[in-house]
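Trainee: pasting the structure only:
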């Protein structure tokens with residue numbers, strides 16, 4: 001099982017993703033203080049890991065649903081979901097990911 005905690009930034013919403021393999025599929029439990037991610041959670045409860053980690057053949061199910069449900073294109077939650085799937089499926093080692101944002105002069 002993999003657990004990913006996401007602080008989405010200035011919106012103040014936090015989310016938690018649990019991903020656990022069940023045979024060939026990865027079962028997802030997504031909890032969030034964001035109403036849009038709560039709706040995503042209702043629609044996204046399992047994925048096929050190999051289809052999620054590659055955007056070459058088709059768009060991952062996570063991104064397809066997020067594009068329809070979440071109005072904020074820069075939301076980090078869909079990426080966090082896919083990172084959880086990778087780790088749960090043994091396709092990546094667990095490691096923190098970060099995005100640092102600052103406003104430069106000029």
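Mentor: Received, thanks. The structure presented is a predicted model; accordingly, all values stated were derived computationally and were not measured.

Trainee: Show me what the longest helix along the chain is in contact with.
Mentor: Assignment by DSSP state H gives helix 77-88 as the longest helix of the chain. Contacts to helix 77-88, defined as Cβ atoms under 8 Å, 6 or more residues apart in numbering, come from residues 1-4, 6, 8, 15, 17-21, 26, 28, 30, 32, 34, 37, 40, 44, 47, 49, 52-53, 60, 62-63, 66, 70, 91-94, 97. Quick note: C-beta positions are derived from backbone N, CA and C, even for glycine.

Trainee: separation between residue 59 and residue 84?
Mentor: Shown here: residue 59 relative to residue 84, a distance of 18 Å by Cβ to Cβ, to the nearest Å.

Trainee: Neighbour count: those two, which is higher?
Mentor: Remark: of residue 59 and residue 84, residue 84 carries more neighbours, 29 against 13, as counted by other Cβ atoms under 10 Å.

Trainee: all helices in the chain, in order from the N-terminus.
Mentor: Under DSSP H, the chain gives helices at 35-43, 49-52, 61-69, 77-88.
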